[in-house]
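A.B. asks: Pasted the sequence and its predicted model underneath.
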Amino acid sequence: MDTNFFMISFNNTENAFKAKTNSGLVQSYWLFKIISNPIMVKLGAKLGPLALTIGFKNLIKKTIFKQFVGGENIHDCELTIAELAKYNIGTILDYSVEGKENESDFDHCLNETLETIQKAKKDANIPFCVFKITGIARFEILEKVSAKINLTTEEEDEWQKVKNRVNKICLSALENNQAILIDAEESWIQNAIDELANTNMLICNKSKIIVYNTFQLYLADRLNYFKLSLDQAKTNGYRLGAKLVRGAYMEKERARAIEMNYQSPIHNNKEATDQDFDEAINFCINNIDNMAICAGTHNENSSTLLLNLMEQKNISPNDKRIYFSQLLGMSDHISYNLSLNGYNVAKYVPYGPVKEVLPYLIRRAQENTSVKGQTGRELNLIIKEKKRRSNLK
């Protein structure tokens with residue numbers, strides 16, 4: 001494809017909503033209208049679990065679940081995977097379960113993640129799989145390891161089981177030549193997650209990049225840590241897999257910092273976060289021979305920056321070392337306009353029982369109200385497309 005990034009317009013709503021029927025567009029309009037209200041989001045976050053217990057599961061499934069989730073099980077995702085593939089968009093398959101507390105749940109999540117790898121192996125439209133460490137490890141053990149608190153003998157055994165699970169997932173990904181993303185989580189358990197990611201990149205990323213760590217650039221220390229991660233990779237003879245995101249736990253991080261009376265680890269303002277994210281993109285492209293990136297961003301300016309840098313460095317739009325990524329149900333104006341111009345794009349497609357993915361859904365709603373302009377942008381684009389379609393009649 002003869003592609004020129006100057007011709008890509010993220011305001012092209014015809015491309016952005018190609019996959020949406022008129023009724024689907026209306027449903028999305030009302031959903032974003034509701035979650036643009038902070039009071040409704042706070043109320044939903046508190047009442048969501050209760051709503052499931054008193055029979056509102058189908059309502060949740062037909063609204064926010066349908067917008068942001070691929071299905072309740074891996075087979076339900078097949079329609080979403082196929083629909084995205086029609087527009088050259090890949091799927092990042094994620095069994096979106098977290099915060100588990102017992103060994104049977106951990107083993108179930110482990111097996112489900114291994115199944116996503118097998119599914120991806122057979123489907124070229126699934127370039128990545130992803131998992132959360134809190135799906136296979138107790139939060140408290142991650143917190144203690146991150147804080148370098150001495151573990152009891154029993155806890156040492158538990159931590160070894162965690163390491164074994166992560167290693168089993170990563171080795172399966174290596175054996176099946178399937179890239180796997182390790183999600184970032186709360187800052188106070190991130191050290192343990194980084195340790196697990198680095199250990200497995202050392203094992204799996206010698207000749208090809210299989211394992212990716214995730215860097216949340218809204219954390220003030222992450223840009224520096226990201227750069228140090230590349231130095232560590234070079235020193236130890238492996239290549240760095242990096243998923244770049246701004247961050248997904250802002251309200252929780254700030255609330256904990258206030259409650260426990262320490263300085264919030266998150267940048268004081270969005271401008272500082274944007275600056276670090278864009279500097280990380282620059283750093284990636286300048287070091288692309290030693291790494292691969294998945295740029296998880298809903299920001300038009302950051303996406304344009306990456307397009308510019310690729311053009312400047314004569315990097316082909318379909319170079320597999322560089323992927324753009326957005327969440328299912330959000331920022332389709334970025335995803336579809338990029339993919340239809342030949343760039344590598346993958347949507348993050350979570351799946352799981354409604355009850356299990358509720359924390360993910362609550363974060364999506366909170367993100368849309370807390371990030372300045374997020375919901376307004378989605379609504380304005382939907383309104384613009386509705387008008388465009390009306391004018392065609």
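C.D. replies: Cool, the structure landed. Residues are numbered from 1 along each chain as shown.
A.B. asks: Give me the residue at the spatial middle of the protein.
C.D. replies: Y348 (5.7 Å; CA atoms, centre = their mean).
A.B. asks: ok now the host helix or strand of that one, how far from the chain's centre?
C.D. replies: Here Y348 sits within strand 345-351, counting by DSSP states H and E. Centroid separation between strand 345-351 and its chain, computed with CA atoms, centre = their mean, to the nearest Å, is 8 Å.
A.B. asks: helices and strands around that strand, which ones?
C.D. replies: Packed against strand 345-351 by the contact rule (3 or more CB pairs under 8 Å, 6 or more residues apart in numbering; DSSP states H and E) you find helix 78-85, strand 89-95, strand 322-327, helix 332-339, helix 354-370. For glycine as for every other residue, the C-beta is placed from the backbone atoms N, C-alpha and C.
A.B. asks: Once you drop chain neighbours, what's closest to T297?
C.D. replies: Nearest residue to T297, sequence neighbours excluded (CB to CB, 6 or more residues apart in numbering): S303, at 6.1 Å.
A.B. asks: which is the next helix or strand following the lengthiest helix in the chain?
C.D. replies: Secondary structure of the chain per DSSP state H: the longest helix is helix 153-175. Counting by DSSP H and E, the next helix or strand C-terminal to helix 153-175 is strand 179-182.
A.B. asks: Adjacent strands (with direction) for that next one?
C.D. replies: Strand 179-182 has these partner strands in its sheet, going by DSSP bridges: strand 128-131 (parallel), strand 211-216 (parallel).
A.B. asks: In TSV: those strands, plus distance to F10.
C.D. replies: Converted to TSV, the strands paired with strand 179-182 look like this (distance: least, CB to CB, whole Å):
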stretch	distance to F10
strand 128-131	23
strand 211-216	23
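A.B. asks: Of the ones you listed, which is nearest D332?
C.D. replies: Nearest of the strands paired with strand 179-182 to D332, taken as CB to CB: strand 128-131 at 18.7 Å.
A.B. asks: Against which helices or strands is the following helix or strand past that closest one packed?
C.D. replies: Where DSSP H and E defines the elements, the next helix or strand beyond strand 128-131 is helix 139-146. The contact analysis (3+ CB pairs under 8 Å, 6+ apart) places helix 139-146 against helix 153-175, helix 190-204.
A.B. asks: ranking these by burial, who's on top?
C.D. replies: Of the helices and strands packed on helix 139-146, the one with the most neighbours on average (mean count of other CB atoms under 10 Å) is helix 190-204, at a mean of 20.
A.B. asks: For that helix, what is the distance to the chain centroid?
C.D. replies: On CA atoms, centre = their mean, the centre of helix 190-204 falls 18 Å from the chain's centre.
A.B. asks: Please save the CA atoms from it in CSV.
C.D. replies: Provided in CSV are the C-alpha atoms of helix 190-204 (Å, rounded to 0.1, in the frame of the first residue of the first chain):
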residue,chain,number,x,y,z
GLN,A,190,5.0,-3.2,40.4
ASN,A,191,8.5,-4.1,41.6
ALA,A,192,7.5,-7.7,41.9
ILE,A,193,5.9,-7.6,38.4
ASP,A,194,9.0,-6.0,36.9
GLU,A,195,11.2,-8.7,38.5
LEU,A,196,9.0,-11.5,36.9
ALA,A,197,9.0,-9.7,33.5
ASN,A,198,12.8,-9.2,33.5
THR,A,199,13.5,-12.7,34.5
ASN,A,200,11.4,-14.1,31.7
MET,A,201,12.6,-11.7,29.1
LEU,A,202,16.1,-12.9,29.9
ILE,A,203,15.0,-16.4,29.1
CYS,A,204,12.7,-15.9,26.2
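A.B. asks: Which strands and helices lie in contact with that helix?
C.D. replies: helix 139-146, helix 153-175, strand 179-182, strand 211-216, helix 222-236.
A.B. asks: what angle do the last one and helix 190-204 make?
C.D. replies: Between the axes of helix 222-236 and helix 190-204, defined by axes from the mean of the first three to the mean of the last three CA atoms, to 10 degrees, the angle is 30 degrees.
A.B. asks: Just list what helix 222-236 packs against, helices and strands only.
C.D. replies: Using 3+ CB pairs under 8 Å, 6+ apart, helix 222-236 sits against helix 190-204, strand 211-216, strand 240-245, helix 270-286.
A.B. asks: out of those, nearest to L79?
C.D. replies: Set against L79 and scored by CB to CB, the helices and strands packed on helix 222-236 come closest in strand 240-245, at 25.4 Å.
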